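A.B. asks: Here is a sequence together with a model predicted from it:
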Amino acid sequence: MDQYQAQWSEMIAAAIDAEAGERGIDPAARADLAFETPPSADLGDLAVPMFPFAKLLRTSPAAIASAVAARLASTAGASDGTAVAAGPYVNIRLPRADVAASAVPRVLAEGDVYGRNALYDGTRITIEFSSPNTNKPLHLGHLRNDALGESLSRVLAACGATVRSVNLVNDRGIHICKSMLAYQEFGAGETPESSGVKGDRLVGDYYVKFNEWAKQTPDAEARARQLLVAWEAGDPDVVALWKKMNDWVLAGISQTYEATGIHFDAVYFESETYSSGKDEIARGIEAGVFYREDDGSVWVDLEPIGLDRKILLRADGTSVYLTQDIGTVIARYNDSPFDRMIYVVGSEQIYHFRVLFYVLELLGYEWAGNLFHLAYGMVNLPEGKMKSREGTVVDADDLIAELTELAAAEIRAKERESAVENVDETAHKIAIGALHYYLLQVGANKDMIFNPRESLSFTGNTGPYLQYMCARVNSMIRKAADRRIELDSHIDFNVLDMAEEWELVKLVARYPATVEAAGRDYAPGLLAGYLYDVAKAFSQYYHDVPIITAPSTSVRTARLALSRAVLQVLRNGLDLLNIPYLDAM
RNA sequence: GCCCCGGUAGCUCAGGGGAUAGAGCGACUGCCUCCUAAGCAGUAGGUCCCGCGUUCGAUUCGCGGCCGGGGUACCA
């Protein structure tokens, strides 16, 4: 497809130049040549508007279009397709059988690696996402973060990057001390094993308990702070409790990652790096890029980037969030140098990252310019914001369990138990598919409303719709094998002469470019929209046109090959979105 | 106050300088002796927030409003 566009670009530019030459005008309009998709497929496959050349040629766009089309009629060969003028546009029809004959076998030959491209060949990209706290389980916000981070990691890898995904666990600070204090007060030796409660939930429950307790206990907050001081001083009992409770939480969170297909190449703990930024601050003072106040606190002047000023070290010498992130990213770079680093973190921290990147620049790190904050919007509920205090936070495990239950009920209602073999496993995969698609559909920079009822829906523009199309095609391919319909090595693509088939060929051929666009824009959602287009187009085709029951062998074979190509594209795309593939449902 | 993001069908969201602006849900209507009806087809539903500007052309870009969200010099 790309090569056709490149060829036509040359030919059309030459035709316009020739028109200009005939009128004694200097050519130079090539830059204005743009390709679009005509609003309707019967107009053509590619469209080039002639508006931009009207001024240069001093005639109407429609006249230019006819003149250009007339010239192209003689210059273009049959293997290029044909160009026709349609009002102010030059529309191009590609040679369908040729395109199909190159695109479909290519998909089938490349298989699982179809769609890989060279966009980021030789580029090392580190991507940080999830970043849980160890005082409570993951919630809906993390699920959006994880869906974006995991999917983007896969997309970038498909674009040729060497991806290193990292998780920064926020395992220290006042929040975990609050859970610890409540546990000391009320825990009575309870463990995940003794209570049967998942570790992250157990610790989260004590966090909630702390907040209730603190309302009628004036010194609760102060005692939590004392615990933090004791922890920083290395008090053995406190550290032991901290370790124990953190392990519970991490074990629980790992289970959630496993359930959602989230993977990290490295896990960093804030407790191990939180103080490492202090040396950098000292260096900055020496270099004169930071300054010290009378009380001993250290600041950076942000006036050059249009902001105020920011504290880097408190008067008591303790570090703040920014200091920690400075230390963390430097340690990480030294660990494993990168050409780019992407932080998948909520948009409420846009300011934080702007300052962080600027401070690193001040410190002279030449890679500071390669840091990128992929900000995503808040996940709200139809009733409004999620509030942990009001208990309206949607717990990740609960949501997945609920989705799984509904999917299982659906399988039973449709009496598909024997077809799917393992009901629970299939239901879980459908639940994850529904969840991830729902979260990735929305552009990252937008806040989104998570409607539980709607997210539980498995019909329409949803993850399960895509999974269902895969299952249908797969089932058909199985039947084809049963009926001994072999894939002929000499497929006659001329028999794919229906408009629906041509649409599918074009869609399938566009997959690598779509992966590339998703990688370039850090936008997995582009892929989600594309896959829905593919599934919808195939669904119509499949409904209207017999494939393995087509009357002639040559038609059956060609349609089956096209169907297999569609399945391969759906399968590869779903993998990049971290939506489980199902061969039956 | 200042900075960032958003505003598209009743709802949730795509799209994007170019031809009649899309999908799903919801409403209504058809289609299972036929490769899985988690499907397919159709009907109804729009001042693309408002104004000005740039442009041959703006829903898309710029500026100014309005509305909503977020951030804003010691929480992360």
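C.D. replies: Looks like it came in fine.

A.B. asks: name the element A:Leu562 belongs to?
C.D. replies: Assessed by DSSP states H and E, A:Leu562 sits inside helix A:553-576.

A.B. asks: Which neighbouring elements make contact with that helix?
C.D. replies: helix A:96-110, helix A:140-158, helix A:463-482, helix A:499-509, helix A:511-520, helix A:525-544 (3 or more C-beta pairs under 8 Å, 6 or more residues apart in numbering; DSSP states H and E). Backbone N, C-alpha and C define where each C-beta goes, glycine included.

A.B. asks: what comes up buried for it?
C.D. replies: For helix A:553-576, the buried set under the neighbour-count rule, 16 or more other C-beta atoms under 10 Å, comprises A:555-576.

A.B. asks: Can you give the distance from that helix to the centre of its chain?
C.D. replies: 24 Å (C-alpha atoms, centre = their mean, to the nearest Å).

A.B. asks: touching RNA strand B at all, it?
C.D. replies: No: contact of helix A:553-576 with RNA strand B (C-beta under 7 Å from any atom of the strand) is absent, the minimum separation being 8.2 Å.

A.B. asks: Contacts only, for the residue in the stretch 151-300 of chain A that RNA strand B sits nearest to.
C.D. replies: Among all residues of the stretch 151-300 of chain A, A:Ser297 sits closest to RNA strand B, at 4.1 Å; criterion: C-beta to the nearest atom of the strand. By C-beta atoms under 8 Å, 6 or more residues apart in numbering, the contact list for A:Ser297 reads A:Ile311, A:Leu313, A:Arg314, A:Ala315.

A.B. asks: same thing but at 6 Å, please
C.D. replies: A:Ile311, A:Arg314, A:Ala315 (C-beta atoms under 6 Å, 6 or more residues apart in numbering).

A.B. asks: Pull out whichever of those are also neighbours of RNA strand B.
C.D. replies: A:Ile311, A:Arg314, A:Ala315.

A.B. asks: Looking at these, spot the one nearest A:His373.
C.D. replies: A:Ile311 (20.4 Å; C-beta to C-beta).

A.B. asks: so what's A:Tyr183 up against?
C.D. replies: With C-beta under 6 Å, 6+ apart, A:Tyr183 has these contacts: A:Tyr206.

A.B. asks: What score does it have for pLDDT?
C.D. replies: We have a pLDDT of 96 for A:Tyr183.

A.B. asks: ok but it is inside a strand, no?
C.D. replies: No: counting by DSSP: H, G, I helix; E, B strand; the rest coil, A:Tyr183 is not found in a strand; it is helix.

A.B. asks: that older thread, using CSV, write out the CA atom coordinates for the helix holding A:Leu562.
C.D. replies: C-alpha atoms of helix A:553-576 as CSV (Å, rounded to 0.1, in the frame of the first residue of the first chain):
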residue,chain,number,x,y,z
THR,A,553,-12.9,-24.4,-4.7
SER,A,554,-11.0,-21.4,-5.9
VAL,A,555,-13.4,-19.0,-4.1
ARG,A,556,-13.4,-21.1,-0.9
THR,A,557,-9.6,-21.1,-0.9
ALA,A,558,-9.2,-17.4,-1.5
ARG,A,559,-11.9,-16.4,1.1
LEU,A,560,-10.4,-18.8,3.6
ALA,A,561,-7.0,-17.2,3.1
LEU,A,562,-8.4,-13.8,3.6
SER,A,563,-10.2,-14.9,6.8
ARG,A,564,-7.0,-16.4,8.1
ALA,A,565,-5.2,-13.1,7.4
VAL,A,566,-8.0,-11.2,9.3
LEU,A,567,-7.7,-13.6,12.2
GLN,A,568,-3.9,-13.1,12.3
VAL,A,569,-4.2,-9.4,12.4
LEU,A,570,-6.9,-9.5,15.2
ARG,A,571,-4.7,-11.9,17.1
ASN,A,572,-1.6,-9.8,16.8
GLY,A,573,-3.4,-6.6,17.7
LEU,A,574,-5.2,-8.1,20.7
ASP,A,575,-1.8,-9.2,22.0
LEU,A,576,-0.5,-5.7,21.8
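
A.B. asks: which residues touch it?
C.D. replies: With C-beta under 6 Å, 6+ apart, helix A:553-576 has contacts from A:104, A:107-108, A:114-115, A:154-155, A:158, A:470, A:473, A:480, A:485, A:488, A:491-492, A:495-496, A:504, A:508, A:511, A:527, A:531, A:538, A:547-548, A:550, A:581.

A.B. asks: Could you do stretch A:138-149 as well?
C.D. replies: By C-beta under 6 Å, 6+ apart, stretch A:138-149 touches A:129-130, A:132, A:256, A:262, A:344, A:376, A:379, A:393-396, A:436, A:439-440, A:444.

A.B. asks: Max pairwise distance over those: which two?
C.D. replies: Among the contacts of stretch A:138-149, A:Asp395 and A:Ala444 lie farthest apart (C-beta to C-beta), at 22.6 Å.

A.B. asks: Where does the prediction get shaky in the stretch 401-550 of chain A?
C.D. replies: A:486-489 (pLDDT under 70).

A.B. asks: And the residue of it that's closest to RNA strand B?
C.D. replies: For the stretch 401-550 of chain A, C-beta to the nearest atom of the strand, closest residue to RNA strand B: A:Gly460, 2.1 Å.

A.B. asks: count of neighbours near that residue?
C.D. replies: As a burial measure, A:Gly460 scores 9 neighbours (other C-beta atoms under 10 Å).

A.B. asks: repeat for A:Asp301
C.D. replies: For A:Asp301, using other C-beta under 10 Å, the count is 14.

A.B. asks: how about the helices in the stretch 301-450 of chain A?
C.D. replies: A:321-335, A:350-362, A:396-413, A:417-420, A:423-441 (DSSP state H, counting those that start in this stretch).

A.B. asks: Close to RNA strand B: what parts of the stretch 301-450 of chain A are there?
C.D. replies: A:306, A:308-311, A:314-315, A:319-321, A:324, A:347-352, A:377-378, A:382, A:385, A:407, A:410-411, A:414, A:416, A:419-420, A:426, A:430, A:441-443, A:445-449.

A.B. asks: Narrow those residues to those that are buried.
C.D. replies: A:310, A:319, A:324, A:347, A:352, A:377-378, A:407, A:410-411, A:416, A:420, A:426, A:430, A:441-442, A:448.
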